[in-house]
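A.B. asks: sequence and computational prediction follow.
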Amino acid sequence: MEKTQQMRIPDRLRPRFQEYDFDALSLQDDANIVIQRTLEFGTWDDLRWLFELYGSRRIRLFIREHGERWLKPVTFNYWRKLLQVRHCKTTVLPTPKGILWR
């Protein structure tokens with residue numbers, strides 16, 4: 001990923017990574033965190049940047065592999081349907097019907 005070595009996370013996303021050392025985040029090594037935070041909290045400009053950087057294929061892989069556990073259920077379902085991700089890894093932990101928190 002040559003693009004990720006040349007680019008940095010936009011400063012406008014800094015508030016979304018409060019518990020991380022923002023300047024130490026790597027677009028390549030921390031791609032899943034960057035994707036998760038941007039899908040969950042990003043603006044349209046942030047999402048445009050994310051898709052230009054990683055491409056829909058990489059983002060679909062994130063949703064397939066980590067989406068159910070790393071995204072809120074409403075966000076996960078939105079992106080899963082929008083990007084037409086049909087098969088996803090599911091959690092091994094049962095979620096009782098009607099539970100809000102996961």
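C.D. replies: Arrived safely, thanks for sending. Residues are numbered from 1 along each chain as shown.
A.B. asks: run a quick neighbour tally on residue 87.
C.D. replies: Look at residue 87: counted by other Cβ atoms under 10 Å, it has 7 neighbours. All C-beta atoms are positioned from the backbone trio N, CA, C, and that covers glycine.
A.B. asks: state the helix or strand in which the closest residue to it other than its chain neighbours lies.
C.D. replies: Using Cβ to Cβ, 6 or more residues apart in numbering and skipping the chain neighbours, the partner closest in space to residue 87 is residue 64 (6.6 Å). Element membership for residue 64, per DSSP states H and E: helix 44-70.
A.B. asks: quick one, what contacts the residue nearest to residue 87?
C.D. replies: With contact taken as Cβ atoms under 8 Å, 6 or more residues apart in numbering, residue 64 is in contact with 85, 87, 88, 89.
A.B. asks: residue 23 versus that one, what's the distance?
C.D. replies: As defined by Cβ to Cβ, to the nearest Å, residue 64 lies at a distance of 30 Å from residue 23.
A.B. asks: so what's residue 40 up against?
C.D. replies: Neighbouring residues of residue 40 by Cβ under 8 Å, 6+ apart: 71, 72, 75.
A.B. asks: only whichever of those residues are buried, select them in ChimeraX.
C.D. replies: Typed into ChimeraX, the line below selects the buried ones among the contacts of residue 40, using 16 or more other Cβ atoms under 10 Å:
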select :71,75
